[in-house]
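[1] the sequence isn't on hand, but the structure is:
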Ligand SMILES: [Zn+2]
């Protein structure tokens, strides 16, 4: 199983130069071979294979000698990425690959691990051609290194993502199972009665973000002030994203560790993400990321995740006697079952039903 560790890089001047060059070369190679793929497809109606293009790399390096200055495995990885982008396009999974522009906000290149060209020590990482780059290691990297992706954010920070192959860490079985309901007022509601608060700081940060974004749009595009403001907005975006990511990392880990079977609703996240409201769309994305993380963390720990149909009426059923209400308006937070007189918290009852239904389906 593959796992990725992301660390902030603090390259020196020379290393920055080389990283920027690598971005440039990677873009050059990508565009050059994308053009080739397009042309051949136009003329011969066939897709140029990865190996065909890889075989052209040595002659490219002779023609454009500056390509030799950067890590050669990164050029191969660029071709791989291009090939995958094309395959995804052909299978209808993605749009046609576009040419990369110098002005793209996100820049990255990937180096493959060969002959110990990538290594990690306390507070530094060895990367091909760059040698040791200063970093902050906040997590212990376990497993066999496969590759490293160096990237730069729109605000100008450098990061490395180390991809490793690990064994599955099977935890001891636990007896607790859990149902999770996506809340309206809360981030999530668990069948054990726990309500997980939404990110409170988010609203404040979002207001600030909206304000700075308005300022940005009032400035002349491409001007100095516009550029300064653009970096400011990008930094704020990053901060919000990091806070959110940290929150869902911790929550998904805890839930995966504490429970053997985890049941949730299968939500149509794609439609959810089309929501126009910024705050809502961010919480939707958080939920989507949370589910993704929970899925792989559960897999690492040997836990089971089960998704139930999203049309299952989890809010309308009494979890005590099974009575089904005809209606359940959104504003009702608490209700009494007309049959068994149990008083329910709307969301906790729903999450208990989700768990019940999930366990039933598994059995
Ligand atoms: Zn009842």
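    That came in fine, so what should we check first? Since this is a predicted model, take the numbers as computed values, not measurements.
[2] show me what contacts the closest residue to the ion within the stretch 101-250 of the chain?
    Closest to the ion within the stretch 101-250 of the chain is residue 191: 16.4 Å, counting by CB to the ion. Placement of C-beta: from N, CA and C, glycine included. Residue 191 makes contacts with 178, 179, 180, 181, 348, 351, 352, 354, 355, as judged by CB atoms under 8 Å, 6 or more residues apart in numbering.
[3] where does the stretch 251-363 of the chain dip in pLDDT?
    268-285 (pLDDT under 70).
[4] residues of it that sit close to the ion?
    318, 320, 321, 323, 337, 339, 340 (CB under 5 Å from the ion).
[5] show me where the stretch 151-300 of the chain has helices.
    Here the stretch 151-300 of the chain has its helices, by DSSP state H, counting those that start in this stretch, at 200-218, 224-258, 269-272, 278-301.
[6] dump those to JSON lines, plus mean neighbour count.
    Shown next, in JSON lines, are the helices of the stretch 151-300 of the chain (neighbours: other CB atoms under 10 Å):
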{"stretch": "helix 200-218", "mean neighbour count": "13"}
{"stretch": "helix 224-258", "mean neighbour count": "16"}
{"stretch": "helix 269-272", "mean neighbour count": "12"}
{"stretch": "helix 278-301", "mean neighbour count": "17"}
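[7] mind checking these for the one nearest to residue 88?
    Ranking the helices of the stretch 151-300 of the chain by proximity to residue 88 (CB to CB) places helix 269-272 first, at 16.1 Å.
[8] so which of the contacts of residue 191 is the most crowded?
    Neighbour count (other CB atoms under 10 Å) singles out residue 351 as the most crowded of the contacts of residue 191, with 31 neighbours.
[9] regarding it, what is its secondary structure?
    helix (DSSP: H, G, I helix; E, B strand; the rest coil).
[10] in contact with it, which residues?
    Residue 351 neighbours (CB under 8 Å, 6+ apart): 179, 180, 181, 189, 190, 191, 314.
[11] what of residue 129?
    18, 22, 69, 70, 71.
[12] in ChimeraX, select just the buried ones from the residues of the stretch 251-363 of the chain next to the ion.
    In ChimeraX, this line selects whichever of these come out buried by 16 or more other CB atoms under 10 Å:
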select :318,337
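[13] redo the residues of the stretch 251-363 of the chain next to the ion as a markdown table? Include secondary structure.
    Shown next, in a markdown table, are those (three-state DSSP):
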| residue | secondary structure |
| --- | --- |
| 318 | coil |
| 320 | coil |
| 321 | coil |
| 323 | coil |
| 337 | coil |
| 339 | coil |
| 340 | coil |
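[14] show me what contacts residue 60?
    29, 32, 67.
[15] before we move on, the earlier item: among the helices of the stretch 151-300 of the chain, which comes closest to residue 142?
    Comparing those by CB to CB, helix 278-301 comes nearest, at 11.1 Å.
[16] what's the closest non-adjacent residue to the residue nearest the centre of the chain?
    Centroid check for the chain by CA atoms, centre = their mean gives residue 289 as the closest residue, at 6.4 Å. Leaving aside its chain neighbours, residue 289 sits nearest to residue 248 (5.6 Å; criterion: CB to CB, 6 or more residues apart in numbering).
[17] which ones are touching whichever residue of the stretch 1-150 of the chain sits closest to the ion?
    Nearest residue of the stretch 1-150 of the chain to the ion (CB to the ion) works out as residue 1 at 43.2 Å. Listed by CB under 8 Å, 6+ apart, the contact set of residue 1 reads 165, 166, 167, 168, 296, 299, 300.
[18] list just the nearest of the residues you listed to residue 231.
    Distances from residue 231 to the contacts of residue 1, taken by CB to CB, are shortest for residue 296, at 32.8 Å.
[19] quick one: contacts for the closest one?
    residue 1.
[20] let's see 10 Å
    1, 2, 3, 252, 256, 305 (CB atoms under 10 Å, 6 or more residues apart in numbering).
[21] of all the residues you listed, which comes closest to residue 174?
    residue 256 (10.4 Å).
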